[in-house]
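Enquirer: Model the following, please.
(2 chains)
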Amino acid sequence: MKKYLTAYSIALQETLQRRWTLLMDRVGGFAVVLSLYSFWNVLLGDKASFLGYTRPEMLTYVLIINVLRSFVFTGRGWQLVGEISSGRVSSYLVRPLRYQGYALALDLAQKTIHVGSAFLEIGLLVLVARGVFIPRDPVAWALFTLAAVMASLIFFFLEFAVSTLAFWTSESGGPLFCFELFLQFAAGAFFPLDVLPEGLRRLLSATPFPYMVYFPARVLLQKIAPSEAVRLLGVEAAWLAVAAAVAAAAWNRGLLSYAAEGG
Amino acid sequence: MGKWPMTAALTADALTKDYRSPIKEPGLLGGIRGLFDRRYKDTRAVDAVSFSIEEGELVGFLGANGAGKTTTLKMLAGLLTPTSGTARALGHVPWRREAAFQRRLSLVMGQRTQLWWELPAYETFRLNKDIYGLSEAQFRASLDELVDMLDLGAHLSIPVKKLSLGERMRAELAAALLHRPSLLLLDEPTIGLDVIMQKKVREFVRGYNKRTGAAILLTSHNMTDVVELCRRVIVIERGRLLYDGALDALVARYADHKILRARFSGPFDAKKLAALGTVVSVEDGRAALQVPRARVAASAAALLRDFPVADLDVEEVDIDDIVRRLFGGA
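Expert: Alright, predicted model coming up:
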């Protein structure tokens, strides 16, 4: 366990070392939130509510997206693709180390810094933009945190699984990019899924994707009764188990292929 | 197994590896066809290679590019699974990748890095300390020794990206040896280094071998590495074992010639040189001849008698040439 903690601490240091990359990352993320915020502001106009969200709720949804983007949508996918294609992954395979645990430690370091930064940004926004709904119910916060942590792990494992395509093809960057884009759409990271037609929404609800942004956001906004939220957390946990199993299976299959084909 | 003595650190028994690679047909049409109907070609990279290395031995592993050296090393390190045959390293089957094996193994690939780029090498060392489960005391002792031998002291606190190639390579070696592996697989450890740095790395490898008794298998394109470090060499060619034995014997077997090098003080008839031996080169009033050992004295005498020789040298054939001839299938 200690090795993964050390990896976490080293990764924290390295992220801080790359100050400019971090800053640009955050500026980029903030720009998305700012444009979403302005977009909804204009769309709402002087309407009191839209799609069942009051104006402050909709604005809060946008802010929650900012936090969840930073927390959920960071993974090690691109690094993994690079390490597999360059053969660098070998240097981990010859050491007594579980690569997935190692990658997760590095990812957590990244999340730690991004979440810290995201809350800072929101603080700034709340000061500027009035009329934001700030939930005060501790139960909602607790359920939200749990949902977000699981969402983050689901994303990590799914992205990890997609990235292992690099074991078989040198063109795994394309699928990974599409996957990430589709995921943001299907998770509700661009807009609440209530915007979508009923059929499509139902279809998505049978996938793990809405659990990654839409569900935690609605929990925090108290749009879901606590008992229902607990039930859905159970479903989310099941998806997490599936995602972890898929990632492990993909990794093991990939390693077999790596071991057979060379690198 | 049972074929090898128990003190062997490493044995390979008929180790064989086939690679399967898709055949790319030429042109765009070929590429599109390849999407639907991909054909493969099997290539045998390593073909029934067997050898055994004792504890404490330092063995050179030679072969041309693509001869199968790296593939063999990767199988022995557990990165690749052989198509057939087997191997044992420190009592383990390498490709099972057991932690007990990995804690005693190190694979160093000259062109690859495990160091964290943005951070000082010291941070990677700390990480490896925990990966290999070293105690603080073990880590300190090992690190002090490596820093001293590799002359790393001043570079430990500088981000890796700011180190020169030679400094980085030495830091790389330190990272790979902190856990004092009993089996060390070195792939091109001096590649890209200047002559002084190559010498330092060689001295270090020799010292490590002497001090720890680790078995070391080393590949290098740099024959100086092999000549200075290894008494025994294993040569493979197109995946097959070509020679396994003393380096001296290899030289004696293949170096049946010497080289006569002459510098002339005046004009001479280059055509007549051919009578004395195989002409290797003639230019700018200089010539080099390859002469069978038995005829060296006679040829030298004739050269001095019949040509305006200003200077004459008799040299041993370069070991590089011997190996090149071996690889050329001589």
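Enquirer: Please identify the nearest residue in space to B:Ile322, excluding sequence neighbours.
Expert: In space, and not counting its chain neighbours, B:Ile322 is closest to B:Tyr254: 4.5 Å by C-beta to C-beta, 6 or more residues apart in numbering or on different chains. Where you see a C-beta, it was placed from the backbone N, CA and C, and this is true even at glycine.
Enquirer: What is the burial count for that neighbour?
Expert: 17 (other C-beta atoms under 10 Å in any protein chain shown).
Enquirer: Tell me how many other residues surround A:Val32.
Expert: Neighbour count for A:Val32, taken as other C-beta under 10 Å: 16.
Enquirer: Can you pull out the low-pLDDT segments for the chain?
Expert: As the question left the chain open, I've gone with chain A. For chain A, the stretches with pLDDT under 70 are A:129-130, A:259-263.
Enquirer: ah, I was thinking of chain B
Expert: Applying pLDDT under 70 to chain B picks out residues B:1-6, B:34-35, B:111, B:319-320, B:324, B:326-330.
Enquirer: Domain boundaries for it, per the record?
Expert: Domains of chain B are assigned by automatic domain parsing as B:8-251, B:256-327.
Enquirer: and the ones you listed as CSV, adding mean neighbour count?
Expert: Shown next, in CSV, are the domains of chain B (neighbours: other C-beta atoms under 10 Å in any protein chain shown):
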stretch, mean neighbour count
domain B:8-251, 18
domain B:256-327, 15
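Enquirer: Got phi/psi on the residue nearest to B:Ile322?
Expert: Per-residue torsions, B:Tyr254: phi -100, psi -20 (degrees, to the nearest 10).
Enquirer: And it, how close does it get to B:His155?
Expert: B:Tyr254 sits at a distance of 42 Å from B:His155 (criterion: C-beta to C-beta, to the nearest Å).
Enquirer: Take the domains of chain B and write them to TSV, including distance to A:Leu120.
Expert: Output for these, formatted as TSV (distance: least, C-beta to C-beta, whole Å):
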stretch	distance to A:Leu120
domain B:8-251	23
domain B:256-327	62
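Enquirer: for those, which one sits closest to A:Ser49?
Expert: Of all those, domain B:8-251 sits nearest to A:Ser49, with 48.3 Å by C-beta to C-beta.
Enquirer: Tell me if the closest one is near chain A.
Expert: Yes - Domain B:8-251 comes into contact with chain A (C-beta under 8 Å from any C-beta of the partner chain), by way of B:17, B:19-20, B:45, B:71, B:74, B:77-81, B:95, B:97, B:99, B:102-103, B:105-107, B:109, B:112-114, B:116, B:118-119, B:123-124, B:126-133, B:159.
Enquirer: Keep only those of those that are in strands.
Expert: Mapping the residues of domain B:8-251 next to chain A onto strands (DSSP state E) picks out B:17, B:19-20, B:45, B:105-107, B:109.
Enquirer: Most widely separated two among those residues?
Expert: Using C-beta to C-beta, those span at most 29.4 Å, a distance reached by B:Arg20 and B:Ser106.
Enquirer: buried set for the helix or strand harbouring A:Ala140?
Expert: Element membership of A:Ala140, judged by DSSP states H and E, is helix A:138-163. Neighbour counts over helix A:138-163 (16 or more other C-beta atoms under 10 Å in any protein chain shown) mark A:140, A:143-144, A:146-163 as buried.
Enquirer: same question, stretch A:25-35
Expert: Result for stretch A:25-35 [16+ other C-beta under 10 Å]: buried residues A:25-26, A:29-30, A:32-34.
Enquirer: ok, which stretches of chain B are strands?
Expert: All strands of chain B, identified by DSSP E, fall at B:8-22, B:40-54, B:58-62, B:84-89, B:105-109, B:183-187, B:215-219, B:232-237, B:240-246, B:257-264, B:278-283, B:286-292, B:309-316.
Enquirer: Which secondary structure elements does the fourth one sit against?
Expert: In other words, strand B:84-89. Counting contacts by 3 or more C-beta pairs under 8 Å, 6 or more residues apart in numbering or on different chains; DSSP states H and E, strand B:84-89 packs against strand B:8-22, strand B:40-54, helix B:69-77.
Enquirer: Let's see that with 6 Å instead.
Expert: The contact analysis (3 or more C-beta pairs under 6 Å, 6 or more residues apart in numbering or on different chains; DSSP states H and E) places strand B:84-89 against strand B:8-22.
Enquirer: and stretch B:259-277, how far out from the chain's middle?
Expert: How far stretch B:259-277 lies from its chain's middle: 37 Å, per C-alpha atoms, centre = their mean, to the nearest Å.
Enquirer: Pull out the CA atoms of that stretch and give them to me as PDB.
Expert: Presented in PDB, the C-alpha positions along stretch B:259-277 are these (Å, rounded to 0.1, in the frame of the first residue of the first chain):
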ATOM      1  CA  ILE B 259      46.700  -6.600 -40.600                       C
ATOM      2  CA  LEU B 260      49.800  -5.000 -42.200                       C
ATOM      3  CA  ARG B 261      49.600  -1.300 -42.400                       C
ATOM      4  CA  ALA B 262      52.200   0.500 -44.500                       C
ATOM      5  CA  ARG B 263      53.000   4.200 -45.200                       C
ATOM      6  CA  PHE B 264      55.000   4.800 -48.400                       C
ATOM      7  CA  SER B 265      57.700   7.500 -49.000                       C
ATOM      8  CA  GLY B 266      57.400   7.400 -52.800                       C
ATOM      9  CA  PRO B 267      55.300   6.100 -55.700                       C
ATOM     10  CA  PHE B 268      54.700   2.300 -55.800                       C
ATOM     11  CA  ASP B 269      52.800  -0.200 -57.900                       C
ATOM     12  CA  ALA B 270      49.600  -0.900 -56.000                       C
ATOM     13  CA  LYS B 271      48.800  -3.900 -58.200                       C
ATOM     14  CA  LYS B 272      51.900  -5.800 -56.800                       C
ATOM     15  CA  LEU B 273      50.600  -5.500 -53.300                       C
ATOM     16  CA  ALA B 274      48.000  -8.200 -54.000                       C
ATOM     17  CA  ALA B 275      50.700 -10.800 -54.200                       C
ATOM     18  CA  LEU B 276      51.400 -10.300 -50.500                       C
ATOM     19  CA  GLY B 277      47.900 -10.600 -49.100                       C
END
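Enquirer: residues in contact with it?
Expert: The contact list for stretch B:259-277, computed with C-beta atoms under 6 Å, 6 or more residues apart in numbering or on different chains, reads B:279, B:282, B:285-291, B:299, B:302-303, B:307-315.
Enquirer: Report the entries of those residues that also contact chain A.
Expert: The overlap between the contacts of stretch B:259-277 and the neighbours of chain A (C-beta under 6 Å from any C-beta of the partner chain) is empty.
Enquirer: Could you give me the buried positions within stretch A:72-84?
Expert: A:72-77, A:80-81, A:83-84.
Enquirer: swap that for stretch A:4-22, sorry
Expert: A:4, A:6-8, A:10-12, A:14-15, A:22.
Enquirer: Can you name the residues that contact residue 143?
Expert: The chain I'm using is chain A. A:219, A:229.
Enquirer: wrong one, I was asking about chain B
Expert: Counted by C-beta under 6 Å, 6+ apart, B:Leu143 has zero contacts.
Enquirer: just A:Pro96 next, same as before
Expert: A:Pro96 neighbours (C-beta under 6 Å, 6+ apart): B:99, B:102-103.
Enquirer: Please flag which of those residues sit within helices.
Expert: B:99, B:102 (DSSP state H).
Enquirer: and which of the contacts of A:Pro96 is nearest to B:Ile234?
Expert: Nearest to B:Ile234 among the contacts of A:Pro96: B:Gln102, at 23.7 Å, using C-beta to C-beta.
Enquirer: now the end-to-end length of stretch B:222-237.
Expert: One end of stretch B:222-237 to the other measures 17 Å (C-alpha to C-alpha, to the nearest Å).
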